[in-house]
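Engineer: any chance you could fold what I've pasted below:
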Amino acid sequence: MLNSYSSADKVLLAVDCIIFGFDNEGLKILLIQRDFEPEKGKWSLIGGFLKRDEVLDSAATRILNTYTGLNDIYMEQLYAYSEIDRDPVERTISVSYFALINIENHNAELIQNYHAEWFPINDAPNLIFDHNEMVQNAIKRLRYKTSVKPIGFELLPEKFTMRQLLELYEAILSKELDKRNFISKINSLDILNKLEEKDMQSSRKGSYLYTFNKEKYEEKLQNNFALNL
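Structural biologist: Numbers count the residues shown, from 1 in each chain. As a prediction, this is how the structure comes out:
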């Protein structure tokens, strides 16, 4: 019967976060080395269980803040994983999220305290349970979204060069892009503010710095604009 709550099976609901970061070495993922059984000593995604007084987004925000010290992180809910034997201890359903953060902004000491570590996306260790599948699905979603809409600015410093933006997109999409065509498409979207400042480390003449104009981006999102890389 529909009102037989007491006789219904009880299962755990977990939230697992695929946290992407970017630095001069490329696209990276934040993983944690488990200090408890099962699979003690092995690498996993960063996650936790849903509390009674939380919605899923709140749980993901809490988990991300606990391990990185950051608030207001770009995140997106992905998929639910419900294989019966996915967790050998308890019947557990997991909902995955992917998040984008600037590696320079996170709390390095906090991450170290939790035995977490950044790995290049193409050189990450094997993960427990079905976490490898979660990562692959998150990469597919990130690549698709990046190819059609300009996202990922959360991975860059507040001020960045066009070259840094190009390198970010090449790292996410795992392919080389035509520089002229890329710059032309980005400029046509009119979502960047070009500054008078230059990054003098990139060349003798220097490269102009840009900032992301979030207000313009939000306006254009309503008109379904596309990047189409």
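
Engineer: pLDDT at residue 138, what is it?
Structural biologist: The score at residue 138 is 98. That number is its pLDDT.

Engineer: so it sits right up against residue 96, yeah?
Structural biologist: Yes. Residue 138 is within contact range of residue 96, at 6.8 Å (criterion: Cβ atoms under 8 Å). C-beta here means a position set from N, CA and C on the backbone, and glycine is covered the same way.

Engineer: what's the overlap in contacts for these two?
Structural biologist: Here residue 138 and residue 96 share the contacting residues 18, 78, scored by Cβ atoms under 8 Å, 6 or more residues apart in numbering.

Engineer: how is the chain divided into domains?
Structural biologist: 12-148, 151-222 (automatic domain parsing).

Engineer: so how far is the longest one from its chain's centroid?
Structural biologist: Shown here is domain 12-148, whose average C-alpha point lies 8 Å from the average C-alpha point of the whole chain (Cα atoms, centre = their mean, to the nearest Å).

Engineer: mind putting the domains of the chain in CSV, mean neighbour count included?
Structural biologist: As requested, the domains of the chain are exported to CSV (neighbours: other Cβ atoms under 10 Å):
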stretch, mean neighbour count
domain 12-148, 16
domain 151-222, 15
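
Engineer: for residue 4, which of these is the nearest?
Structural biologist: domain 12-148 (18.6 Å; Cβ to Cβ).

Engineer: ok, back up a step: and the domains of the chain, which one is worst for confidence?
Structural biologist: Taking the mean pLDDT of the domains of the chain, domain 151-222 comes last: a mean of 91.

Engineer: quick revisit: now tabulate the domains of the chain in a markdown table and tack on distance to residue 5.
Structural biologist: Listed next are the domains of the chain as a markdown table, based on distance: least, Cβ to Cβ, whole Å:
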| stretch | distance to residue 5 |
| --- | --- |
| domain 12-148 | 14 |
| domain 151-222 | 41 |
